[in-house]
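Chemist: Got a predicted structure plus its sequence, pasted below:
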Amino acid sequence: MELHPIKGLAGTVTVPGDKSISHRGVMLGAIAEGKTELSGFLDGADCRSTISCFRSMGVDIRQEGDRVTILGRGLHGLQKPSEVLDVGNSGTTMRLISGILSGCAFTSVLDGDDSIRQRPMKRIIEPLSQMGADIRSLHGNGCAPLSVTGGSLHPIHYVSPVASAQVKSAVLLAGLYCDGVTSVTEPSLSRNHTELMLRGFGAEVVCEGATASVTGLPRLYGQKITVPGDISSAAYFIAAAALVPHAQLRINNINCNPTRAGILRVCRLMGADIAYENPRSVSGEDVCDLVVSSSVLHGTTIDGSLIPSLIDEIPVIAVMAAYADGVTTIRDAQELRVKESDRIFTVVSNLQAMGVQAEATEDGMIIRGGRQVHGAPICTYGDHRIAMAFAVASLCADGPTTLDAPGCVAISYPSFFDTLQKISLRS
Ligand code: S3P
């Protein structure tokens, strides 16, 4: 795909539903009693993988676009799947389902694509094994495929070495199957959608700082959930409107839960012009509308407890940094090494291809911005967030940019390029 620089951006963007919340809605709906109805569901490849895994376990799930109805089977109602559960590219599906399967008295096998087979699963194997599940990495390398034999679990207090919502959620979901209270303490607080949604379904969840606890064996009841727009998808348009001259975009219905909205704090630090409108609560999540305008950006430092709240947005933040005056330093983000691609390498090497002074460090990157960015061939490595971040980088480059595998945006944002096209001003 060839992308050309543009003159401006104008209009209103409505981004697809939040990926994390869409996954969780299907999962909790499947193990609740009664009917769960999701609206605003993200109809992307990752969330479809979650639906298909639960269908394989006997759950009746109907999907029409962004509307999904799930007939829950109760905590102990899932059936042993007759085939391998294929999570595709979705780490969230694999890690969260492992928590649920740990409580189910059958053996199942989880597998996915080449990227998922390289991502670390020891981080969930360890706590779920401590709780009593039998989980094996079938190739003995700590990665998928995994076999999970669940059964009688006991509660633990897990002190996680990583701030990861997927690890925390796997343990809390397994905790639903334990008699007693299961807790997870993280080095710093990661996204808390599982905790919020579990409460909405009727579980007792207590959160204190970076510790979350759930009381096991609850009765979960089907819910009507409105999934808000995904801030991780909005991030591309927030960045685009800030760095393109002659730009003003309204981005409606964005989930601005503070455990997810780190990019908004970084935008403020970098000088982006963002107005927040209509703050409200939707299905237990904070939501607002944003108006973002062309801005003079400057470099900043991003590290510490801010990192988990913007981990998926770092590729596009790095692109903003390339267009910002001064130096941007990103630290404490070693988790980027184990995402859909090694995002420290894939971001830095693509920025360098565009002529940006960018340097990889072990746990982040240093970007010296403010010089002309050149159009260049970009290698997405099949990573949706790399494709979208560098599509944004192309908008103010000095020539055409090519993306080698743009189709990967279907993982989280199938209509991304159509939307970008509609709001772009070319003359
Ligand atoms: C997610 C958690 C994050 C994030 C991923 C979605 C979730 O992963 O990067 O895209 O829905 O729980 P980690 O838990 O590995 O940080």
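Modeler: Cool, got the structure.

Chemist: Can you list the buried residues in the strand or helix carrying L290?
Modeler: In this structure, L290 sits in strand 285-293 according to DSSP states H and E. When neighbours are counted by 16 or more other C-beta atoms under 10 Å, the buried residues of strand 285-293 are found to be 285-292. (Each C-beta comes from the backbone N, C-alpha and C, glycine too.)

Chemist: Same list (those residues) but as JSON lines, adding pLDDT and distance to the ligand.
Modeler: Converted to JSON lines, these look like this (pLDDT from 0 to 100; distance: C-beta to the nearest ligand atom, whole Å):
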{"residue": "E285", "pLDDT": "97", "distance to the ligand": "13"}
{"residue": "D286", "pLDDT": "97", "distance to the ligand": "17"}
{"residue": "V287", "pLDDT": "98", "distance to the ligand": "17"}
{"residue": "C288", "pLDDT": "98", "distance to the ligand": "21"}
{"residue": "D289", "pLDDT": "98", "distance to the ligand": "23"}
{"residue": "L290", "pLDDT": "98", "distance to the ligand": "21"}
{"residue": "V291", "pLDDT": "98", "distance to the ligand": "26"}
{"residue": "V292", "pLDDT": "98", "distance to the ligand": "22"}
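
Chemist: so where do the helices sit in this structure?
Modeler: Along the chain, the segments classed as helices by DSSP state H run 19-31, 45-56, 91-101, 122-130, 165-175, 193-201, 231-243, 262-270, 314-323, 343-353, 384-394, 416-423.

Chemist: Report the angle between the shortest one and helix 231-243.
Modeler: Taking axes from the mean of the first three to the mean of the last three C-alpha atoms, to 10 degrees, one finds that helix 416-423 is oriented at 30 degrees with respect to helix 231-243.

Chemist: now helix 416-423, how far from the centre of its chain.
Modeler: For helix 416-423, the gap between its own C-alpha mean and the chain's C-alpha mean amounts to 21 Å (C-alpha atoms, centre = their mean, to the nearest Å).

Chemist: Which strands or helices does that helix pack on?
Modeler: Applying 3 or more C-beta pairs under 8 Å, 6 or more residues apart in numbering; DSSP states H and E, one finds that helix 416-423 makes contact with strand 8-14, helix 231-243, helix 384-394.

Chemist: Flag the shaky bits of the stretch 301-427 of the chain, pLDDT-wise.
Modeler: Low-confidence segments of the stretch 301-427 of the chain (pLDDT under 70): none present.

Chemist: Up against the ligand, what does the stretch 251-400 of the chain have?
Modeler: Taking C-beta under 6 Å from any ligand atom as the contact definition, the stretch 251-400 of the chain meets the ligand at 311-312, 335.

Chemist: Same list, those residues, but as TSV with neighbour count and distance to Q372 please.
Modeler: What follows is these, written out as TSV (neighbours: other C-beta atoms under 10 Å; distance: C-beta to C-beta, whole Å):
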residue	neighbour count	distance to Q372
I311	21	29
D312	24	28
E335	18	32
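
Chemist: Pipe those into JSON lines and attach distance to T301 per row.
Modeler: Converted to JSON lines, those look like this (distance: C-beta to C-beta, whole Å):
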{"residue": "I311", "distance to T301": "16"}
{"residue": "D312", "distance to T301": "19"}
{"residue": "E335", "distance to T301": "18"}
